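S.K.: please work out how this folds:
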Amino acid sequence: MKRKRKKYCFALDLKEDEALIETYKEHHKKVWPEILEQIKGSGIEHMEIYQVSNRLFMIMETTPEFSFTQKQAKDAANPRVQQWETLMSNYQQALPCAKPGEKWVLMEQIFKL
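M.R.: Okay, the predicted model is just below:
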């Protein structure tokens, strides 16, 4: 029996600066190995990020057991993840609807074919 993955979609903006956007994209061509290990180790099986202008969309598929709370705790305890997040913050800006301290905003699915 095949396990059913969970799927989540998020949005985030980048600062409206072409040089910063290009640098952000370059970082994502060579994501640090420790970050990739942490992502996979938290139950994320598939992740894609798309860009239009300065807006990013992330699609994430996880194991059925995936927990945002557990992932956040693991990330907070990992100095290398914190270093990556600090670096990425130089390029990112919160969506207008984001809560204080929130980067990636979970999107609501409104249609499926």
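S.K.: residue 78 against residue 38, yeah?
M.R.: Yes. Using CB atoms under 8 Å as the test, residue 78 is close enough to residue 38 to be in contact (5.9 Å). (C-beta placed from N, C-alpha, C; glycine too.)
S.K.: quick one: the helices in the chain?
M.R.: For the chain, the helices defined by DSSP state H cover 18-29, 33-41, 68-76, 79-89.
S.K.: with mean neighbour count and distance to residue 52 added, can I get the ones you listed in a markdown table?
M.R.: Output for those, formatted as a markdown table (neighbours: other CB atoms under 10 Å; distance: least, CB to CB, whole Å):
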| stretch | mean neighbour count | distance to residue 52 |
| --- | --- | --- |
| helix 18-29 | 12 | 11 |
| helix 33-41 | 14 | 23 |
| helix 68-76 | 13 | 25 |
| helix 79-89 | 13 | 18 |
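S.K.: among those, which is nearest residue 56?
M.R.: Among the helices of the chain, helix 18-29 comes nearest to residue 56, with 8.7 Å by CB to CB.
S.K.: turn the helices of the chain into CSV, including distance to residue 50 and mean pLDDT.
M.R.: Shown next, in CSV, are those (distance: least, CB to CB, whole Å; pLDDT from 0 to 100):
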stretch, distance to residue 50, mean pLDDT
helix 18-29, 11, 98
helix 33-41, 17, 97
helix 68-76, 21, 96
helix 79-89, 16, 97
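S.K.: identify whichever of the ones you listed lies nearest to residue 95.
M.R.: Nearest of the helices of the chain (CB to CB): helix 79-89, 14.4 Å.
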